[in-house]
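Undergrad: Predicted model, plus sequence, below.
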Amino acid sequence: MALRGVNVWSNFSYGSSIDSPNGCLLNAEGSRLIFFERSTKSPKSNPKIFTYLFYTNHLGEPAGLKSTSKIRLDEAWDKWNKLQEHGWTEVSYDFG
């Protein structure tokens, strides 16, 4: 889309280019928690997202780290949306 000679690109299904998934999702069984966090060292033009997958205890709190990964912004949005489609729900948790 051109706006007064300026190229403007947007993909509304993923939000704006500065938005990123940020927070936690808990699976339906309450046995896994995934935390999404934007890398502060990645350039704004190519943001990277860290994901941390945890095993959880009986209260749904992190009990052990299963895996970590660093992925592109579009991959992070895909993962976030697919997990929610499979019953994962957003929960608030402060990792401090």
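TA: Okay, I see it.

Undergrad: Do you have the strands of this structure handy? List them.
TA: In the chain, the segments counted as strands under DSSP state E are 2-3, 6-7, 23-26, 32-38, 48-56, 62-72, 89-91.

Undergrad: Make CSV out of the ones you listed and add mean pLDDT.
TA: As requested, those are exported to CSV (pLDDT from 0 to 100):
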stretch, mean pLDDT
strand 2-3, 46
strand 6-7, 48
strand 23-26, 94
strand 32-38, 95
strand 48-56, 95
strand 62-72, 96
strand 89-91, 92
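
Undergrad: now those strands as JSON lines including mean neighbour count?
TA: C-beta: built from backbone N, CA, C; applies to glycine. As requested, those are exported to JSON lines (neighbours: other CB atoms under 10 Å):
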{"stretch": "strand 2-3", "mean neighbour count": "7"}
{"stretch": "strand 6-7", "mean neighbour count": "7"}
{"stretch": "strand 23-26", "mean neighbour count": "19"}
{"stretch": "strand 32-38", "mean neighbour count": "19"}
{"stretch": "strand 48-56", "mean neighbour count": "18"}
{"stretch": "strand 62-72", "mean neighbour count": "13"}
{"stretch": "strand 89-91", "mean neighbour count": "12"}
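
Undergrad: could these go into TSV alongside distance to Asn81?
TA: Formatted as TSV, those follow (distance: least, CB to CB, whole Å):
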stretch	distance to Asn81
strand 2-3	28
strand 6-7	26
strand 23-26	10
strand 32-38	12
strand 48-56	13
strand 62-72	13
strand 89-91	12
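
Undergrad: If anything else comes up later, I'll come back, but that's it for now.
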